[in-house]
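*Asks:* Sequence plus predicted model, see below.
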Amino acid sequence: MTYLILNLFFLLAIVLFLPKKLSTPSKKWWLTLVVVIALTAVFDPIIIGLGIVEYNPERILGLRLFGAPIEDFFYALFAVAIVPLVWHKIGERRNA
């Protein structure tokens, strides 16, 4: 399985479980996404260059952004999408 297929699977799972209340991103959400992607663009190439993280070349598309595989940027998107989803679910349980 390639990283792209794995990422698309997680993206589909997020979309399927996303409540309508959270389906329209706020300005704060977009700002957070931009900051996290910028941090990914700065630090991922460093981490990869130092050999801390390594990707199997057969499992990535080969498209790189600032030296990091494009699939790496999916993780930034997931982090920004999943945290509000989990926060919302915890709030629902607390209020129940």
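*Replies:* It's in. Numbering: from 1, shown residues only.

*Asks:* Next up, the contacts around residue 79.
*Replies:* residue 36 (Cβ atoms under 8 Å, 6 or more residues apart in numbering). Any C-beta I mention is one placed from the backbone N, CA and C, and that applies to glycine too.

*Asks:* Now do the helix or strand containing residue 35: distance to the chain's middle.
*Replies:* Using DSSP states H and E, residue 35 falls within helix 27-49. Its chain's C-alpha centre and that of helix 27-49 lie 10 Å apart, by Cα atoms, centre = their mean, to the nearest Å.

*Asks:* go on, stretch 78-95?
*Replies:* Distance, stretch centre to chain centre, for stretch 78-95: 15 Å (Cα atoms, centre = their mean).

*Asks:* Give me the mean pLDDT for that stretch.
*Replies:* Average pLDDT, stretch 78-95: 78.

*Asks:* just stretch 32-42 next, same as before
*Replies:* On average, stretch 32-42 scores 93.

*Asks:* same thing with stretch 4-17?
*Replies:* 79.

*Asks:* Show me the contact partners of that stretch.
*Replies:* Counting by Cβ under 8 Å, 6+ apart, 60, 61, 71, 74, 75, 77, 78, 81, 82, 85 sit against stretch 4-17.

*Asks:* I'd guessed the third one sits against residue 3; true?
*Replies:* Put plainly, it is residue 71. Yes: under the criterion of Cβ atoms under 8 Å, residue 71 makes contact with residue 3 at 4.0 Å.

*Asks:* between these two, what contacts are shared?
*Replies:* 55, 60.

*Asks:* hang on, the earlier thing: and the helix holding residue 35, what's buried?
*Replies:* 32, 33, 36, 40, 41, 44, 45, 48 (16 or more other Cβ atoms under 10 Å).

*Asks:* Next, the contact list for the fifth one, please.
*Replies:* For residue 41, the contacting residues are 65, 66, 68, 73, by Cβ under 8 Å, 6+ apart.
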